[in-house]
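*Asks:* Model the structure of this input:
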Amino acid sequence: MSTAPGILDLTSPQFDVDAYVSKLLKEKSLDALVAEEENMVNCVRRLDSDVHQIVYENYNKFLTATSSVRKIEKEFKHLDSEMQSLGDSMSSISRLVKELSPVIDGKKGQASTLARSYRTVHAVQFVSELPATLQSLLDDHDYSSLIRLALKARSSLFPYSDVPNVISVLEKVTTIVDAAEKEVSPMVILIIVF
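*Replies:* Residues are numbered from 1 along each chain as shown. Just a heads-up that it's a prediction; the model follows:
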């Protein structure tokens, strides 16, 4: 009977125990058989130890994976509640925007009127303080700033020269500019203007 090499190979799927044992009994001495048995026992122990080690490692990996899955599940639940809360907040904000839009639109006109009033008050304050500002520049001998401000004020106030208070301010400006012209030569004033 010829035996195929696969049936005597321990790692082969076609391995035949009876054929392998028969071959060993025919070919090996008693001492060799005892040594073969010890070698197989050691291999089985090593394999058993390796299997235990692999099972232990896989079990630890399984526990770690299970723990990670629980953490992720918990985080997703938290994230889900946060997203729900965010959605509720966005809905609330949208509702408030819809409610406030008409109110804000109505207040825009009032805000524009208030801004125009502020600019008007600021302009009136500037005009009323203009003679004092120009006098201060004259006292400080800052003729350049004085002439530039006076020219700008005259051109800005000219359209309102029929208003009595503006006429009074323009007269004071003219008096201060005349005083400045007396202190410096007309040539210097031409240089300052241009």
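
*Asks:* Let me see the ranges of the helices in this protein.
*Replies:* 5-8, 17-27, 30-139, 143-157, 164-183, 186-193 (DSSP state H).

*Asks:* Now the fourth one: buried residues?
*Replies:* Residues of helix 143-157 classed as buried by neighbour count (16 or more other C-beta atoms under 10 Å): 143, 146-147, 149-150, 153, 157. Where C-beta positions appear, they are placed from N, C-alpha and C, glycine not excepted.

*Asks:* same question, stretch 61-79
*Replies:* For stretch 61-79, using 16+ other C-beta under 10 Å, no residue counts as buried.

*Asks:* which one of the helices of the chain is the most hemmed in?
*Replies:* Highest mean neighbour count of those: helix 143-157, a mean of 16 (counted as mean count of other C-beta atoms under 10 Å).

*Asks:* Identify the residues contacting residue 15.
*Replies:* 6-9 (C-beta atoms under 8 Å, 6 or more residues apart in numbering).

*Asks:* In CSV: these, plus pLDDT and distance to residue 40.
*Replies:* Formatted as CSV, those follow (pLDDT from 0 to 100; distance: C-beta to C-beta, whole Å):
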residue, pLDDT, distance to residue 40
6, 77, 19
7, 84, 17
8, 80, 14
9, 79, 14
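
*Asks:* And the residues you listed, which is closest to residue 34?
*Replies:* Residue 34 lies nearest to residue 8 out of those, by C-beta to C-beta, at 20.0 Å.

*Asks:* tell me the centre residue of the chain?
*Replies:* By C-alpha atoms, centre = their mean, the mean C-alpha position of the chain lies nearest to residue 86, the distance being 17.8 Å.

*Asks:* From residue 92, how far off is it?
*Replies:* Separation of residue 86 from residue 92 (C-beta to C-beta, to the nearest Å): 11 Å.

*Asks:* what residue ranges in this structure are flagged as low confidence?
*Replies:* For the chain, the stretches flagged by pLDDT under 70 are 1-5, 106, 185-194.

*Asks:* can I assume residue 135 is in contact with residue 176?
*Replies:* Yes - using C-beta atoms under 8 Å, residue 135 is in contact with residue 176, at 5.8 Å.

*Asks:* what touches both of those two?
*Replies:* Joint contacts of residue 135 and residue 176 (C-beta under 8 Å, 6+ apart) do not exist.

*Asks:* what sits against residue 172?
*Replies:* 130-131, 134.
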